[in-house]
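Trainee: everything below, folded, please.
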Amino acid sequence: MQIDVLPTQQDVNQLACSMILGELDRKPNLLFCAATGSSPAGAYRAMGEAAKANPTIFSRMRLLKLDEWGGLPMDHPGTCEHYLREYLVKPLSIDEARYFGFQSAPSSPEAECERMRAQLNELGPIDVCVLGLGLNGHLGMNEPAATLSPNCHVAELTPTAMGHSMLAGGKPHYGLTLGMADILQSRLILLLNLGASKREPMRRFLTQRIDTDFPGSLLWTHPNTIILCDRDAHPE
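Mentor: The predicted model follows:
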């Protein structure tokens, strides 16, 4: 486990972007799994700036959506779909053939998860997975529970999840997410933590106690996870 504490959020964003570009240089068609939310937004903006400077740099990268709010229309401003199109698909010119993810309002959520399982089996494993650590330790929509699901699944949303700032007034009925095994099979995981609100979950993470009641703790079992956080997010 590598943990880098950097002076500012901007430093975290730039280093994360540099690491991703380095991986892309080694494997131009890498499968990039992207979380949404405030933590990775700055790194994604930095990737967009890199694309402006070199328009072909992401021309072979494949993009995978980590999770989605179930029951919202795909064009709802609170969906992960809307977020990723604004932060990655458009700025990096990712064409539809290289973009994969859950539909937000499928007729059968279970069938949608089966479809994504099959697609990930065909495309994967993930080369680079960017995550944020939830305030309650969740990764994607893998929420704290007595047991966790290994693969793509329909997730019950907790009150904490329903209060997520990105929902923009939307009221999803469930979540659709990659499972913990899908995530832990990634070749490289970048966990980005920014701001004082992440200090307490980071403190719990650093105890190294592995517990399904804090899904982020399972990253201690992964052989190639890098934690990037700013000083405000680090408890020491």
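Trainee: Arg204 versus the nearest residue to Leu184 once chain neighbours are set aside, what's the distance?
Mentor: Sequence neighbours aside, His222 is the residue nearest to Leu184 in space, at 5.3 Å (criterion: CB to CB, 6 or more residues apart in numbering). Where C-beta positions appear, they are placed from N, C-alpha and C, glycine not excepted. From His222 over to Arg204 the distance is 17 Å, taken as CB to CB, to the nearest Å.
Trainee: for Phe58, same thing?
Mentor: Distance of Phe58 to Arg204, computed by CB to CB: 35 Å.
Trainee: other residues contacting the helix ranked longest in the chain?
Mentor: In the chain, taking DSSP state H as the definition, the longest helix is helix 9-26. With CB atoms under 8 Å, 6 or more residues apart in numbering as the contact definition, helix 9-26 has outside contacts at 4, 6, 30, 32, 40, 42-43, 45-47, 50, 57-58, 61, 127-128, 130, 188, 190, 192, 194-195, 226, 228-230.
Trainee: and the residue nearest the centre of the chain, what's its pLDDT?
Mentor: Note on the chain: the residue nearest the mean C-alpha position is Ala35, at 2.0 Å, using CA atoms, centre = their mean. On the pLDDT scale, Ala35 is placed at 97.
Trainee: buried residues of the helix-or-strand element of the chain with minimal mean pLDDT, list them for me.
Mentor: Scoring the helices and strands of the chain by mean pLDDT, DSSP states H and E places helix 159-162 at the bottom, with a mean of 75. Neighbour counts over helix 159-162 (16 or more other CB atoms under 10 Å) mark Ala161 as buried.
Trainee: following element in sequence after it, please.
Mentor: For helix 159-162, the succeeding helix or strand toward the C-terminus, using DSSP states H and E, is strand 174-177.
Trainee: tell me the buried residues in that next one?
Mentor: 175-177.
Trainee: quick check: mean pLDDT of the helix or strand following it?
Mentor: Following the chain from strand 174-177 toward its C-terminal end, the next helix or strand by DSSP H and E is helix 180-184. What helix 180-184 shows for mean pLDDT is 97.
Trainee: which neighbours does whatever helix or strand comes next after helix 180-184 have in its sheet, and in what orientation?
Mentor: Using DSSP H and E, the next helix or strand after helix 180-184 towards the C-terminus is strand 188-193. Under the criterion DSSP bridges, strand 188-193 sits next to strand 128-132 (parallel), strand 225-230 (parallel) in its sheet.
Trainee: TSV please, covering these and showing mean pLDDT.
Mentor: TSV is the format used below for those (pLDDT from 0 to 100):
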stretch	mean pLDDT
strand 128-132	97
strand 225-230	97
